[in-house]
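>>> Next comes the sequence, and after it the predicted model I'd like to discuss.
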Amino acid sequence: MALLDDVAHYLDDSTSALTLLGGTAGTGNLVKARMLDHAKIPDTVVGLYESPGWAPVWAFTTGSSAPAFERPGLQVIARSTSYTVARGHAYRCFRILDSVRNRVLPHTSSGTRYLAISAVGSPASLGQDQNGRFLLSVNFDVTKERSS
């Protein structure tokens, strides 16, 4: 879960428009790997999900038998009763995350260095859910140091 924790806290720190959903009261609009239709989740929310990525990168070394870098996928799904609001949240995540290059994300517990978080494309509509809320998705390829 380090990837989702790191990204969630980074988004929370980067913009006042996204705040981590906390406690049982359902305050905030940013969740990590939760079902978007859960009863306590508000109508306007951004969900973060790990998705299939690419094979890890191995390096020649005598000290480790593990990959040097991992390349997971990340999917952001923004949902709202307003298309404009959902698109705004998806685009905000797109702009913030697509600029991550060779850095440790601030205020994260893992200390993992992210070589790149690269958008696969622009935010795209997934249509509406069963409750008529608009869904927009943006996907990212992530290259990061191996998690310990």
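That came through fine.
>>> shouldn't residue 139 be in contact with residue 121?
Yes: between residue 139 and residue 121 a contact is recorded at 6.9 Å, counting by Cβ atoms under 8 Å. In short, each C-beta sits where N, CA and C put it, glycine included.
>>> Looking at these two, which is more packed in?
residue 139 (18 against 10; other Cβ atoms under 10 Å).
>>> Spatially nearest residue to that one (excluding sequence neighbours)?
Spatial nearest neighbour of residue 139, chain neighbours left out: residue 120 (4.3 Å); criterion: Cβ to Cβ, 6 or more residues apart in numbering.
>>> pretty sure the one you found contacts residue 142?
No: assessed by Cβ under 8 Å, residue 120 is found out of contact with residue 142, at 10.6 Å.
>>> Settle it for me: which of the two has more neighbours?
Neighbour count, other Cβ under 10 Å: between residue 120 and residue 142, residue 142 has more, with 24 against 14.
>>> Determine how far the host helix or strand of that one lies from the middle of the whole chain.
Residue 142 is part of strand 134-145 when elements are defined by DSSP states H and E. What separates the centre of strand 134-145 from the centre of its chain is 6 Å, taken as Cα atoms, centre = their mean, to the nearest Å.
>>> For the helix or strand harbouring residue 50, which helices and strands make contact with it?
Using DSSP H and E, residue 50 sits in strand 45-57. With contacts taken as 3 or more Cβ pairs under 8 Å, 6 or more residues apart in numbering; DSSP states H and E, strand 45-57 sits against helix 2-14, strand 30-32, strand 69-80, helix 83-97, strand 134-145.
>>> Find the residue at the geometric middle of the chain.
residue 48 (4.2 Å; Cα atoms, centre = their mean).
>>> hang on, that residue packs against residue 7?
Yes: the criterion here is Cβ under 8 Å, and residue 48 meets it with residue 7 at 5.8 Å.
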